[in-house]
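In: Starting from these lines, generate the structure:
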Amino acid sequence: MLWNSKTSDRGARSKLRDTTRAGEYAERFFNEEDGTVTVLAFSIFVMFLIMGGIGIDTMRQEMARASLQATLDRAVLAGATAVNNTTARAVIEDYFSKSGQANYLAAEQEGDIDIRLNSSKVTARASQTLDTYLMRLAGVDTLTSGGNSTAEVTIPKLEISMALDVSGSMMGERIDALKPAAKNFVDSILDSTEPNDAVISVVPFSWGVTPSKEIYEALTVNENHLYSSCLELSDADFESTTIDPNTAYDQLIYTSREGTTFGDLTTTPLGSFLDTYYQSCYTQDYFKILPYATTKTALHDKIDSLEAGGSTSNDEGVKWAAALLDSAFQPVVQSLQQPIQVPQDDGTILTYSLVEPTLTNMPAVFNESDTLKVIVLMGDGANDNSYRFSNTYRGPNSDLFKLTYQQMQFNYLQRNYDGRRWYGSQYQQYCGYSGYTCIYTPTGEEQVSYYLRRPSDSRMFNVTDGGSVSWSTFNNYSASTLPGFISSERLSWETAWGLMSPRFYYNVTGSAGPWNSYLGNPIDRSKKNERLDDICDAAKSEGIVIYTIAFEMGSQPTGADEIKKCATSPNHHYNATTVNIASAFSAIAANVKQLRLTQ
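Out: Numbering: from 1, shown residues only. Model (predicted):
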């Protein structure tokens, strides 16, 4: 290879000139003001780049955290409904696996999962490490996202009132479908709670509601007869949930519109369906309230015993259901918890209480944090008119009289001035003669006959044994005029109506006064709808959750709408038929089991 020394020298000198020129340019750049501004701009650009990088990476971190938290929340909510601890953890892991986040779920720690009979608490944790993009310029290579969540399924102490329509329209397949549905509801509630943590009252209603004898006796009542235990509630009573044992309530008159037999209000000429239809108050055991039951046996027996009769008063059903949830009823509960002792044939004493004695502060005060109060209203018809007497046919001095006497046998006729006696029944005809006395011998226990006075002429009709006498004859009855006479009593109207109906009174006397009074002073449908609105609003304002079921009311939109208005919300209302009533009760039972996210 030939070497050209001149060419080589020229190249070296050229490189030297280039290097010198670059240095001069650099020196000039740094010494001039324009170069300083450019450096500053470059520095600011780098700073903004780093800040933007922080924003981008932290946003990625927050998105990852939100995604983890959402998965955690869904997973623990599902896990909290599991039947045991192992299943709960498996549910959580399944949620993370299906979301593609299985690697981020933290290991279970002691105490994270606690599944019990009436409560569940489930906790889970997760974390994720992210590689940063631009924060690396600031020396931060990774960011960590994490979260934890706790879900708790709690069935707090439950106080439930089941207001069940047992009016006459429920007869047949409707009540047959109701019974298993209501019993399944009871089972679902009691199976989900610890013993005595749930109490369920059953409130059957038709024309009205019949409190049990024990509830009635624990209340303060202006009692005016001994036939029944129904109360006559005023409009104002429906503006609150309270039936206060310290407040005096009027007793409802017990009668029937149609009864045609004296002393038996259930006998009518209208057929077996209507034999009990028009009773103002039902005294049969199957109509009475079952209060504060805690066992399936008691509740199943009550529901199985239900029979249909009468018409509909949804307002009274809700009123009593709410009263059983009001703490003002605590003195009544305490009286129901007192021991009852019943001697047995073997000489032992059976001791029991109508309400479980270990239940304390029952009903709980409203809005107590660990107690949920629920009304389930099931109705199959619109409100119907109920009948009442005007004041004319209330109070003392009715047209019914009670004559008490002892059955006597004629012994002999005695002449007063010398004591001569004549034996034989043929001499009884002379008992009323002056100067003679008839001697009788008692032959049996006391007897009673009832006489109904006809207002037009005061004729007295013996409605027990038949026949009639004038007012003057009856009014003069005494030991001297009527053998075996003990007493004569004019009954109150309240006592009289328990023995006869307005129709019976008309059939005997021909007077339609009581009939017109009874039918002419009803609590009509409109008034009952107002009362229903009032008591439902009062219950909801106290925190009572109301579920409603309109049963077989597809052709009665107005009645169904009234029931629906009572519900806590439209979502708390169900339209049901005999086919799906069990589903309606099951849905309510599921909703009663409260589920909440606590963290």
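In: Okay, now the unreliable bits of the stretch 101-250 of the chain?
Out: Within the stretch 101-250 of the chain, the set of residues satisfying pLDDT under 70 comprises 117-118, 134, 137, 154-155.
In: repeat that with 90
Out: When residues are selected by pLDDT under 90, those of the stretch 101-250 of the chain lie in 114-121, 128-147, 151-158, 168, 191-197.
In: likewise the stretch 451-599 of the chain?
Out: Applying pLDDT under 90 to the stretch 451-599 of the chain flags residues 478-486, 521, 553-560, 578-579, 589-599.
In: what about 70?
Out: In the predicted model of the stretch 451-599 of the chain, residues 555-556, 593-599 satisfy pLDDT under 70.
In: Endpoints of stretch 428-437, how far apart?
Out: 10 Å (Cα to Cα, to the nearest Å).
In: Need the mean per-residue confidence for that stretch.
Out: Here stretch 428-437 scores 84 as its mean pLDDT.
In: roughly how far is it from the heart of the chain?
Out: Stretch 428-437 sits 70 Å away from the centroid of its parent chain (Cα atoms, centre = their mean, to the nearest Å).
In: Pull out the buried positions in it.
Out: 428, 436 (16 or more other Cβ atoms under 10 Å). Yep, even glycine has a C-beta here, placed from its N, CA and C like the rest.
In: Stretch 120-140 now?
Out: Here stretch 120-140 shows 120, 121, 122, 123, 124, 125, 126, 128, 132, 134, 135 as buried, counting by 16+ other Cβ under 10 Å.
In: And the helices in the stretch 351-500 of the chain?
Out: 471-475, 493-497 (DSSP state H, counting those that start in this stretch).
In: From the chain's centroid, how far away is the helix or strand harbouring residue 176?
Out: Here residue 176, judged by DSSP states H and E, is contained in helix 173-191. Distance of helix 173-191 from the chain centroid (Cα atoms, centre = their mean) equals 14 Å.
In: Send me it as CSV with only the CA atoms.
Out: What follows is helix 173-191, C-alpha atoms only, in CSV (Å, rounded to 0.1, in the frame of the first residue of the first chain):
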residue,chain,number,x,y,z
GLU,A,173,-108.5,-23.6,47.0
ARG,A,174,-107.3,-20.1,48.1
ILE,A,175,-106.9,-21.0,51.8
ASP,A,176,-105.6,-24.4,50.8
ALA,A,177,-102.8,-22.7,48.8
LEU,A,178,-102.1,-20.1,51.5
LYS,A,179,-101.4,-22.6,54.3
PRO,A,180,-98.3,-24.4,52.8
ALA,A,181,-97.0,-21.0,51.5
ALA,A,182,-97.3,-19.4,54.9
LYS,A,183,-95.7,-22.4,56.6
ASN,A,184,-92.8,-22.4,54.2
PHE,A,185,-92.3,-18.7,55.0
VAL,A,186,-92.2,-19.6,58.8
ASP,A,187,-89.7,-22.4,58.2
SER,A,188,-87.4,-20.1,56.1
ILE,A,189,-87.3,-17.5,58.8
LEU,A,190,-86.9,-19.9,61.8
ASP,A,191,-84.3,-22.0,60.0
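In: Need the residues that contact the biggest strand by length in the chain.
Out: The residue-count maximum for a strand in the chain (DSSP state E) belongs to strand 436-453. Strand 436-453 is contacted by residues 262, 399-416, 428, 430-431, 459-465, 469, 471, 474, 483-484, 486, 499-500, 505, 508-509 when judged by Cβ atoms under 8 Å, 6 or more residues apart in numbering.
In: buried residues in it?
Out: 436, 438, 440, 450, 451, 452, 453.
In: and it, which strands flank it?
Out: strand 400-415 (antiparallel), strand 460-462 (antiparallel) (DSSP bridges).
In: List the buried residues for the helix holding residue 176?
Out: Using 16+ other Cβ under 10 Å as the test for burial, helix 173-191 gives 174, 175, 177, 178, 181, 182, 183, 185, 186, 188, 189, 190.
In: Next, the angle helix 173-191 makes with the helix or strand following it.
Out: Proceeding N to C from helix 173-191, the next assigned helix or strand is strand 198-205, under DSSP H and E. Angle, strand 198-205 to helix 173-191, by axes from the mean of the first three to the mean of the last three Cα atoms, to 10 degrees: 160 degrees.
In: Which strands or helices does strand 198-205 pack on?
Out: Here strand 198-205 touches strand 157-165, helix 173-191, strand 290-293, helix 296-305, helix 314-323, going by 3 or more Cβ pairs under 8 Å, 6 or more residues apart in numbering; DSSP states H and E.
In: I would like the residues contacting the fourth one, please.
Out: This means helix 296-305. For helix 296-305, contacts defined as Cβ under 8 Å, 6+ apart pick out 178-179, 182-183, 186-187, 190, 200, 202, 285-286, 290, 293.
In: Kindly recompute the last result at 7 Å.
Out: 179, 182, 183, 186, 187, 190, 200, 202, 286, 290, 293 (Cβ atoms under 7 Å, 6 or more residues apart in numbering).
In: For these, give me JSON lines that also has distance to residue 91.
Out: As requested, the contacts of helix 296-305 are exported to JSON lines (distance: Cβ to Cβ, whole Å):
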{"residue": "179", "distance to residue 91": "36"}
{"residue": "182", "distance to residue 91": "32"}
{"residue": "183", "distance to residue 91": "31"}
{"residue": "186", "distance to residue 91": "28"}
{"residue": "187", "distance to residue 91": "25"}
{"residue": "190", "distance to residue 91": "25"}
{"residue": "200", "distance to residue 91": "31"}
{"residue": "202", "distance to residue 91": "36"}
{"residue": "286", "distance to residue 91": "45"}
{"residue": "290", "distance to residue 91": "39"}
{"residue": "293", "distance to residue 91": "35"}
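In: Show me which of these is closest to residue 392.
Out: When those are compared for distance to residue 392 (Cβ to Cβ), residue 286 wins out at 34.1 Å.
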